[in-house]
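S.K.: the following comprises the amino acid sequence and a computationally predicted model.
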Amino acid sequence: MIYRSSFTLPSILIAGLITLSAFLPERAYAQADMGSENINNMIRGNAAIITPRATRSEIVGSLYFYEFFTPGTIFLNNGQKLTEIQARYNVLEDRLEIINRADTLQLSEVLVRGFELEVPSNESVYHFRNRVGSVANNFSRNSYLQVLFESEDELTGVYVRHSKRLAEPRTSGASGYGINERAYRIENSTTVLFKGEDSQLTPVRLNRRNVLRVFGDKSNQVRDYARSNNLNFRDKNDFVKMVQFYTSL
């Protein structure tokens, strides 16, 4: 999919709520009037203005976890929960976007603790939250991570870090003037993360050796459990089952 956008490289980091004019697909979205007092209170006094340097370019690929706005639930840092919100996750900028009346707003991670998105294509609900932890030279504590499993005390868990980056421009095809246009490409990557007793996030490459290593002195018990239940060390859902067993020990 090709987007036409005005953007600055690198992207400007923004605090507060931002009315977006950049990175929007060239299609019309149904605008939902939330009419929520909570939303209005949240927006009031938190608007910021972004003035990007305009360089007209094309982006090949999607910026988002799921392309369209879908029903979502937002968990704020002040304890409030906002429901029936039309939202989508901008993975490239690591920001949550919502529709409010005729505007598309981008929420700062300062306000948001986490969110859930309903994806109709596979009838699934995806849960994300920040302030889980950080990985040096990769992402900060404020970055959103998808939660695959989390213990009740939030001390142990399995997460996925979704990342997108703009790769160097390359020819995308002939323009209307017979000249080849250059396009930035979106490149995607995911990293599975484990949080154990030390509360540190550890990237895990899913294979037998690396998976058992994260369980430390309980690795033999987890190995026997995996063997008894025919679990695949390369499957992230089976890895979640191993972590759940590990947490119960």
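M.R.: That came through fine. These numbers come from a predicted model, not from an experiment.

S.K.: what comes up buried for the longest helix along the chain?
M.R.: Longest helix in the chain by number of residues (criterion: DSSP state H): helix 236-248. Across helix 236-248, burial judged by 16 or more other Cβ atoms under 10 Å covers 238, 239, 240, 241, 242, 243, 245, 246, 247. Quick note: C-beta positions are derived from backbone N, CA and C, even for glycine.

S.K.: save these as TSV, and put in distance to residue 158 and pLDDT too.
M.R.: Putting the buried residues of helix 236-248 into TSV (distance: Cβ to Cβ, whole Å; pLDDT from 0 to 100) gives the following:
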residue	distance to residue 158	pLDDT
238	11	97
239	6	98
240	5	97
241	10	97
242	9	97
243	5	97
245	12	97
246	10	95
247	10	94
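
S.K.: which one of those residues sits closest to residue 184?
M.R.: Closest approach between the buried residues of helix 236-248 and residue 184, by Cβ to Cβ: residue 239, at 33.5 Å.

S.K.: which secondary structure element of this structure has the lowest mean pLDDT?
M.R.: strand 47-48 (a mean of 38; mean pLDDT, DSSP states H and E).

S.K.: returning to what we had before: could the buried residues of helix 236-248 be laid out in TSV, adding distance to residue 167?
M.R.: Shown next, in TSV, are the buried residues of helix 236-248 (distance: Cβ to Cβ, whole Å):
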residue	distance to residue 167
238	32
239	29
240	31
241	35
242	35
243	33
245	40
246	38
247	39
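
S.K.: ok, so of those, who is nearest residue 70?
M.R.: residue 240 (23.5 Å).
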